[in-house]
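model this:
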Amino acid sequence: MPDDADRYGHHRARWRYRLRMKAPGTRSHRKRPHVAYVVLSHRLTDQVTRLCEAIHRSSPLASVLVHHDARRVAPPVSLGSWMHVNVHRQSADWGSWDLAAETLRALDLAKRVTHADLLVLISGQDYPTRHLPTWEREFWLAGGGWQGEARTLTYRPRWGRASGIGDDDLTRYVYLWWPAPRSHVLLRSGSSVAGFVRRNLFRIGHWAEPIIDVRVVSRGRGLHLGVRNPFPPFRGQLKCVKGAQWLAVDSTMFDFVRRTHCSSPWLRWCYKHSIIPDESYIQSILASRRAPLGPPLTYFEWSTTDDHPVTLTTEAIQEIRSSGSPFCRKVAPGVSDALMDALDRQITTSTT
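The predicted structure is shown next:
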């Protein structure tokens, strides 16, 4: 990383926003921080390009970094010096540790390339809902830290037929999980043998939940078998929390995440053998230092039937506007075109 002299020499224009210290020992605030929007993408290249253009129109002083999984679809083309495209081909499937690791790598790369004060992590199917400079100032003048979701998980499993007490999502992170051999074949096969194995695996997992468990990561790597971790990493200030993957974090808090990540091999190993770590790993580290600012970074509607975010249309525009979130998801070409057109008019003209 360049030293301060190099950083200031290359980015003098950004520092015209710096204010003097309000009082000795207090934090120095700018009217606006330098912001880097980090977009994780793996498909819908045209939609990602439209997202980047919308961000740039609303916040032209911000940088955008697209971190693209190019295993299936080619990356978008950079639209200017404000837009950086980084390509990887890691197996960052949904619900995997690889996705959490690539998320950290993308944030770290954005900080090193842009020297941003504020990093904003969104998906390729997000879209701005507010005038972004207004939101950026609100975040910065509120004291920074991070914005996202952090719900503390508590759960007590029970033996036998009775279900446990609390939110069993905690077992994602206090059990050690491994994908079952040939799990996709086992889940999809219509044979009587496969059906017998499936039924009994889930029956055993339910009855013996205090020590073992069975889960299916439907959009990820299939059937997983778990064993309760006798030494979970959550102690002291570090509690297990769950929240959406999408968040905003200032550079000081991100440095804290990076130091914790590098100095905590047991924490990394436990999360490597967890399920959907991208909804807990970074969030738990951040929440151990400071509660998040609200509201959530991204507004979404969840379909319990499909176990997936609903694709938004203009019918949701009032809920989107009243949420206060600077982004919404998910949007898709065709279905969400009218909504994105309406939001385009709002994010470039509104100042409230």
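
Look up how far residue 195 lies from the most centrally placed residue in the chain.
Per Cα atoms, centre = their mean, the C-alpha nearest to the average position across the chain is that of residue 245, at 2.1 Å. According to Cβ to Cβ, to the nearest Å, residue 245 stands 34 Å off from residue 195. (Each C-beta comes from the backbone N, C-alpha and C, glycine too.)

residues in contact with the residue nearest to the centre of the chain?
The contact partners of residue 245, by Cβ atoms under 8 Å, 6 or more residues apart in numbering, come to 103, 121, 123, 278, 279.

the domain parsing of this structure - what is it?
What automatic domain parsing lists as the domains of the chain is 4-151+240-349, 155-228.

which regions of the stretch 1-150 of the chain sit below the pLDDT cut-off?
Counting by pLDDT under 70, the stretch 1-150 of the chain contains low-confidence residues at 1-31.

go again using 80 as the cut-off
1-32 (pLDDT under 80).

Okay, helices next: where are they in it?
4-10, 45-58, 97-114, 132-141 (DSSP state H, counting those that start in this stretch).

do the same with the stretch 251-352 of the chain
Taking DSSP H, counting those that start in this stretch as the criterion, the stretch 251-352 of the chain carries its helices at 251-263, 265-272, 281-287, 317-323, 337-349.

Assumed the residue nearest to the centre of the chain was part of a helix.
No. Using DSSP: H, G, I helix; E, B strand; the rest coil, the assignment for residue 245 is coil, not a helix.

mind checking which of the helices of the stretch 1-150 of the chain is nearest residue 185?
Set against residue 185 and scored by Cβ to Cβ, those come closest in helix 97-114, at 21.9 Å.

now the angle from that closest one to helix 251-263?
Angle of helix 97-114 versus helix 251-263, following axes from the mean of the first three to the mean of the last three Cα atoms, to 10 degrees, is 130 degrees.

Need the residues that contact helix 97-114.
Identification of contacts with helix 97-114 by Cβ under 8 Å, 6+ apart yields 1, 34, 36, 38, 40, 63, 65, 67, 69, 84, 86, 88, 90-93, 116, 119, 121, 245, 249, 251, 254, 257-258, 261, 271-274, 277-278, 281-282.

I'd like the domains of the chain laid out as TSV, including distance to residue 234.
As requested, the domains of the chain are exported to TSV (distance: least, Cβ to Cβ, whole Å):
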stretch	distance to residue 234
domain 4-151+240-349	5
domain 155-228	7
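
out of those, deepest packed?
domain 4-151+240-349 (a mean of 18; mean count of other Cβ atoms under 10 Å).

Residue 313 is in contact with residue 338, correct?
Yes. Counting by Cβ atoms under 8 Å, residue 313 is a contact partner of residue 338 at 7.0 Å.

ends of stretch 276-285, how far apart?
Stretch 276-285 has an end-to-end distance of 15 Å (criterion: Cα to Cα, to the nearest Å).

swap that for stretch 146-157, please
32 Å.

Check which helix or strand residue 177 maps to.
In this structure, residue 177 is located in strand 175-179 according to DSSP states H and E.

coming back round to it: nearest approach to residue 45 belongs to which of the helices of the stretch 251-352 of the chain?
helix 337-349 (15.8 Å).

May I have the closest one as CSV, with CA atoms only?
Output in CSV follows, covering the C-alpha atoms of helix 337-349 (Å, rounded to 0.1, in the frame of the first residue of the first chain):
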residue,chain,number,x,y,z
ASP,A,337,-37.1,-2.1,-16.5
ALA,A,338,-39.9,0.3,-15.5
LEU,A,339,-38.8,0.3,-11.9
MET,A,340,-35.2,1.0,-12.8
ASP,A,341,-36.4,3.9,-15.1
ALA,A,342,-38.3,5.4,-12.2
LEU,A,343,-35.4,5.0,-9.8
ASP,A,344,-33.0,6.6,-12.4
ARG,A,345,-35.1,9.8,-12.4
GLN,A,346,-35.1,9.8,-8.6
ILE,A,347,-31.4,9.1,-7.9
THR,A,348,-30.1,11.8,-10.2
THR,A,349,-32.4,14.6,-9.3
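
And that helix, how far out from the chain middle?
Here helix 337-349 shows a centroid-to-chain-centroid distance of 24 Å under the convention Cα atoms, centre = their mean, to the nearest Å.

got the angle between that helix and helix 132-141?
Orientation of helix 337-349 against helix 132-141 (the same axes, to 10 degrees) gives an angle of 60 degrees.

so what secondary structure elements neighbour helix 337-349?
Contact partners of helix 337-349 among helices and strands, from 3 or more Cβ pairs under 8 Å, 6 or more residues apart in numbering; DSSP states H and E: helix 45-58, strand 126-128, helix 317-323.

Tell me how far the residue nearest to residue 71 when sequence neighbours are not counted lies from residue 113.
Taking Cβ to Cβ, 6 or more residues apart in numbering, and ignoring the residues beside it in sequence, residue 71 has residue 89 as its nearest neighbour in space, at 5.2 Å. Distance, residue 89 to residue 113, by Cβ to Cβ: 20 Å.
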